[in-house]
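Engineer: Fold the following, please.
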Amino acid sequence: MKDPNNPCLFCNIEKSGSVHENDLAYVSYDSYPVSKHHCLIIPKRHIKDYFYLTKEELVACHDLIKVIKDEILIKDPLVKGFNLGTNIGEASGQSILHCHFHLIPRRIDDVDNPQGGVRSVIPNKQHYKRKK
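Structural biologist: Next up, the predicted model:
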């Protein structure tokens with residue numbers, strides 16, 4: 001199996017496939033999508049994770065998140081929500097050690113019960129009952 005960290009897959013914009021970019025970041029569709037139009041927003045500078053982003057890089061990523069979100073909504077009117085997240089460290093599931101954000105389009109009934117959303121990274125914590 002090829003190691004996506006040696007050399008870093010996300011440092012090669014051409015290989016990753018950019019659909020949008022600005023001076024500090026770019027957007028690529030995920031090679032292993034959770035749902036149709038799942039994409040990645042990737043800073044161009046090789047940094048480990050979110051906590052190493054500069055304010056300028058964070059703004060650049062944010063700007064691209066909004067651009068690709070709007071594009072997805074135009075392409076697919078069935079999209080009614082999104083999950084937006086980043087994995088920080090191998091313990092969280094980060095496998096490519098270059099900061100990136102996942103924008104995952106969600107559709108009504110794409111899972112039986114979406115309650116808890118990103119909480120499902122630990123399956124038995126996804127569904128919960130509110131305390132009164």
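Engineer: Only C-alpha atoms from now on, for both contacts and neighbour counts.
Structural biologist: Noted.
Engineer: Now stretch 86-97: buried residues?
Structural biologist: For stretch 86-97, a neighbour-count test (16 or more other Cα atoms under 10 Å) marks 86-88, 94, 96-97 as buried.
Engineer: Where does residue 28 sit: helix, strand or coil?
Structural biologist: With DSSP: H, G, I helix; E, B strand; the rest coil as the basis, residue 28 sits in strand.
Engineer: What's the biggest helix in this protein, counting residues?
Structural biologist: The longest helix of the chain (DSSP state H) is helix 55-75.
Engineer: who's in contact with that one?
Structural biologist: 20-27, 37, 41-43, 79, 103, 105 (Cα atoms under 8 Å, 6 or more residues apart in numbering).
Engineer: Summarise which helices and strands the following helix or strand past it is packed against.
Structural biologist: Using DSSP states H and E, the helix or strand that follows helix 55-75 in sequence is strand 79-85. Packing partners of strand 79-85 (3 or more Cα pairs under 8 Å, 6 or more residues apart in numbering; DSSP states H and E): strand 101-107.
Engineer: Only C-alpha atoms, please: export the strand it packs on in PDB.
Structural biologist: Provided in PDB are the C-alpha atoms of strand 101-107 (Å, rounded to 0.1, in the frame of the first residue of the first chain):
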ATOM      1  CA  PHE A 101     -11.200  20.000   6.300                       C
ATOM      2  CA  HIS A 102     -13.900  17.600   5.100                       C
ATOM      3  CA  LEU A 103     -17.100  19.100   3.800                       C
ATOM      4  CA  ILE A 104     -19.600  16.300   3.600                       C
ATOM      5  CA  PRO A 105     -23.000  16.900   2.000                       C
ATOM      6  CA  ARG A 106     -26.000  15.400   3.800                       C
ATOM      7  CA  ARG A 107     -29.400  14.400   2.400                       C
END
